[in-house]
Every structure is written in C-alpha cells, then in structure tokens.
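J.: Requesting a structural model of the entry that follows:
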Amino acid sequence: MEIKKLIPDPEIRNWTGPFDDKNYYFNLGKEQSEKIIQWLSIKPDQKILDIGCGCGRIAIHFLDYLSGQGQFIGIDSNKELLSYCVDNISKVNNNFQFKLIDAYNGVYSQDGKLKCKDIIFPIEDESVDIVIMWSVFTHMYLADIDSYLKEVHRVLKKGGFFIASLNLYNKFISNQIKMGKSYLDIKYRVNEDSYSLDKEVPENGFAHNEEIVKEFYWRNGFIIREIKYGVWYSKELVGEFHDCIIAQR
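T.: Numbers count the residues shown, from 1 in each chain. Down below sits the predicted model:
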C-alpha cells in the first residue's frame, strides 16, 4: 500500500518533533523501523508493542511488513495523536490497535492523571514478542524509567526483545559537553545521576548515568544484549542520534 498517504498534517506530526518537512518525517520513521526490524530480527507474525507511539511514525512502516498473523499495538498519552492513528492506521489494518494511557509528563502530557509508578499498561502479561520505546526514556526521570521497566517485563514474553532509545551519561560524555563538542547541551544537573537540557522543565531532555540505567535493567529481569551508542554527544559523528539499548527478557 502507499503508506505515504498516512503522513499526518504538520499540526499533528509536530507534536512528536520538528517535522515540518514531511519527507524527513517519513524517511526517519522508515530508517528507524528498518533498523529495529534488523536489530531485533523481527518476524512478520510477531506481536509488537510500541510505547509512546505518537501519531504512528514507526507504526506505518510495519503495515507492509507484518503478516496477517502479526499484530501491532501502540500506546500513548496523547488523545489527539491516538485518534489520528485509529482513524487512519487502524482503518487500513485492524491488526493495528492504539490505546490510551493517561500518564503525566511535564512536556508531552501535562494534563495526565497518572504518575508513572501507578501506570499499568493495557496489555496482558507475557503477551508481546517485541517492545519498542523510541524517544520516551529521553523525557523521563530515572525513577519513572524504573517503573516502566517493570511493566515492560510484565507484558513481554520470556525471550522477547525490548529496544529503547535514551541518552546515556558517563565521564567521556561529560567532557564532550563541557568542551562544547556535543550536539545536545545536556548540562543542567538534576540529581546525582541525571542531567537535563532544560533547567526549568527537565523532561525536555534527559541524560542518565549509564551504570545506573544498566543496573535498573538487570534489577528488573532484563539481559542487555547490546548497546548501540548514538551521536548526540559528538558533532564529529553521523548515525543514529540517541543511544539504543537492546535487551531480552
């Protein structure tokens, strides 16, 4: 099918990033989806959960990949973006479902009623093969990441894979930022293990202590299979922007 027809209007897609250029929006989603499929060896008949699905930037690129047995579930805290997904993506394939979690976030869902520690994903235990979480942990406090990891572990099948993008912080990256060599100027200290782009609204962009993040994964029952480091901390590099952790339950 011609999935370019599913590119939302600017007032919808710009909720999820600076996407005035619809071709950039489409091509970035295509590139990231292809990487996810390759890195996780996703099979066409698997069940995928996309947490923070937005308006379906990644979802649309699975329409031509998943078979009739495959399923794609997107969850998000933005009702308007989910409505777009239901009215446009689910309409062409009812194996693609979208569900609301009424989560609070200081940037993306200030009207949300639930704190992260109180959220239960509307997904059955051990029912999904793959969990995707793109540009979500980059906007969450460490304690909230810990809460989400517990929920991801609950819904993921044993042996299933989980990929999340985030910004990992260590001594090398700290020096990069101090020397002005980083794309992202994540310099405001939030606490002992976290820094932010924005002193007033930290959720605009976090970097978290790499060792603490790893500890959270292990403590919540995940095996970290690979870390693919991004280029956010170096203006000299090109490639995937954020760091990506690939983990297995």
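J.: Show the residue spans covered by the strands in the chain.
T.: 47-51, 71-76, 96-100, 128-133, 156-166, 168-169, 188-191, 194-196, 206-209, 223-228, 243-248 (DSSP state E).
J.: CSV for those strands, including distance to residue 33?
T.: All C-beta spots, glycine's among them, are computed from the backbone N, C-alpha and C. Shown next, in CSV, are those (distance: least, CB to CB, whole Å):
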stretch, distance to residue 33
strand 47-51, 10
strand 71-76, 11
strand 96-100, 13
strand 128-133, 9
strand 156-166, 11
strand 168-169, 23
strand 188-191, 31
strand 194-196, 28
strand 206-209, 24
strand 223-228, 15
strand 243-248, 13
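J.: closest to residue 63 out of those strands?
T.: Checking the strands of the chain against residue 63 by CB to CB gives strand 96-100 as the closest, at 7.1 Å.
J.: show me the contacts for the residue nearest to the spatial centre of the chain.
T.: Closest to where the C-alpha atoms of the chain average out (CA atoms, centre = their mean) is residue 134, at 1.8 Å. The neighbours of residue 134, taking CB atoms under 8 Å, 6 or more residues apart in numbering as the test, are 32, 50, 52, 58, 163, 164, 165.
J.: To what extent is the closest residue to residue 178 other than its chain neighbours buried, counted in neighbours?
T.: In space, and not counting its chain neighbours, residue 178 is closest to residue 187: 7.8 Å by CB to CB, 6 or more residues apart in numbering. Residue 187 is flanked by 14 other residues according to other CB atoms under 10 Å.
J.: quick one: residue 187 from residue 165, how far?
T.: According to CB to CB, to the nearest Å, residue 187 and residue 165 sit 20 Å apart.
J.: wait, what's in contact with residue 125?
T.: Contacts of residue 125 by CB under 8 Å, 6+ apart are 154, 155.
J.: what do you get if the cut-off is 6 Å, keeping everything else the same?
T.: By CB atoms under 6 Å, 6 or more residues apart in numbering, the contact set of residue 125 is residue 154.
J.: next one: the one 3 residues further on
T.: Contact partners of residue 128, counting by CB under 6 Å, 6+ apart, are 47, 49, 155, 156.
J.: got these as JSON lines, with distance to residue 228 columns?
T.: Conversion of the contacts of residue 128 to JSON lines gives the following (distance: CB to CB, whole Å):
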{"residue": "47", "distance to residue 228": "24"}
{"residue": "49", "distance to residue 228": "20"}
{"residue": "155", "distance to residue 228": "23"}
{"residue": "156", "distance to residue 228": "19"}
